[in-house]
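**Student:** Okay, sequence plus prediction incoming.
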Amino acid sequence: MLEKVVSILFPVFAVVIAGFFVGKGFKPDMRHINRINIDLMVPCLVFTTLSVMPMGGEQNALFIAAVIAVLLPGILMIPACKILNISYKTWAPPQMFRNSGNLAIPLFGYAFGASAEAPAILLFVVSMMLHITVGLALLSNSEYRFHQIFKMPILIAALLALMFNFSGIIVWKPLNDGMVLVGSAAVPVMLISLGVQLTAIQWSGLGVGLLSTALSLATGAASFAVIYFFVPLPPEHLRMMLLFAMLPPAVMNFLFAERFQVGPDKVASMVLFGNFLTIVTLPALLIAAFAWF
């Protein structure tokens, strides 16, 4: 079992570590690269995957499970924030919106094989859509503009993919191959970007990072328990949801916290330490996933 977990995690962590040393050595400004990735590469990946993904009962159940895994931690954080006397706006979104892109897509691919790519993309799209709707509504108050969501390339790609999928329209093969080529660069760029971001860790935020990680695992475990008992999923999807529900916070949490000035320093510590601590949490979660299901 240990050898299997190492073989799954090594490629992911190796690329992240490479990104870390790139960040230390070259100190690149990743903003433009990340913008190209999220507005071009990721939409191509989303379209080429969802447009051919078989739709049916399993996918519907996985969609419901993803919504529960994202929204239920936000509900559970209401009493938690009152008990711990911490700000809901600062602490709740990182427990809701997890690293379903940079980390989950490559992780699920190595852990569960090529058949996991389409479900991983579906989980990522659901999480992303909820983040740019519910997440922004939580943070932005009167500044929130719902219509701006429909300008986002990733949403346009997802809607077009579903339209092509349900209508049975087949994309011209050379065009599809070009989009596959562009989309295939998305995951490596995500992992390198994550490694570069880890160079910004400030050890003074360790306490915040540890508390956030503990809350993330607790709320994620509660969400998975609800999914396990009430959403009918096959064993492979249950394994994926166990991991998905307890992933560390997404980097976008920091970008939104900075944009709306909702505890950006604390959120940065949650994101960076949460992802750093996956060297401990992910092996344990993978062992549990393969042992239980």
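**Tutor:** Thanks, I have the structure now. Numbering: from 1, shown residues only.
**Student:** low pLDDT regions in the stretch 51-200 of the chain?
**Tutor:** Counting by pLDDT under 70, the stretch 51-200 of the chain contains low-confidence ranges at 56-57, 141-149.
**Student:** how does it look with 50?
**Tutor:** Applying pLDDT under 50 to the predicted model, the stretch 51-200 of the chain contains no residue that meets it.
**Student:** Tell me where it has helices.
**Tutor:** For the stretch 51-200 of the chain, applying DSSP state H, counting those that start in this stretch gives helices covering 57-84, 88-96, 104-112, 117-130, 136-140, 153-167, 173-183, 186-198.
**Student:** could you give the angle of the longest one to helix 88-96?
**Tutor:** It refers to helix 57-84. If you take axes from the mean of the first three to the mean of the last three CA atoms, to 10 degrees, helix 57-84 sits at 140 degrees to helix 88-96.
**Student:** Same question for helix 57-84: list its buried residues.
**Tutor:** By 16 or more other CB atoms under 10 Å, the buried positions in helix 57-84 come out as 59, 61-70, 72-74, 76-77, 80-81. Backbone N, C-alpha and C define where each C-beta goes, glycine included.
**Student:** Tell me which other helices or strands it touches.
**Tutor:** When contacts are defined as 3 or more CB pairs under 8 Å, 6 or more residues apart in numbering; DSSP states H and E, helix 57-84 sits against helix 88-96, helix 117-130, helix 206-230, helix 235-245.
**Student:** so which of the ones you listed gets nearest N37?
**Tutor:** helix 117-130 (13.0 Å; CB to CB).
**Student:** Make TSV out of the helices and strands packed on helix 57-84 and add distance to N176 and mean neighbour count.
**Tutor:** TSV is the format used below for the helices and strands packed on helix 57-84 (distance: least, CB to CB, whole Å; neighbours: other CB atoms under 10 Å):
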stretch	distance to N176	mean neighbour count
helix 88-96	34	23
helix 117-130	15	22
helix 206-230	33	18
helix 235-245	26	23
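**Student:** okay, these in TSV with distance to L103 next?
**Tutor:** TSV is the format used below for the helices and strands packed on helix 57-84 (distance: least, CB to CB, whole Å):
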stretch	distance to L103
helix 88-96	14
helix 117-130	10
helix 206-230	13
helix 235-245	9
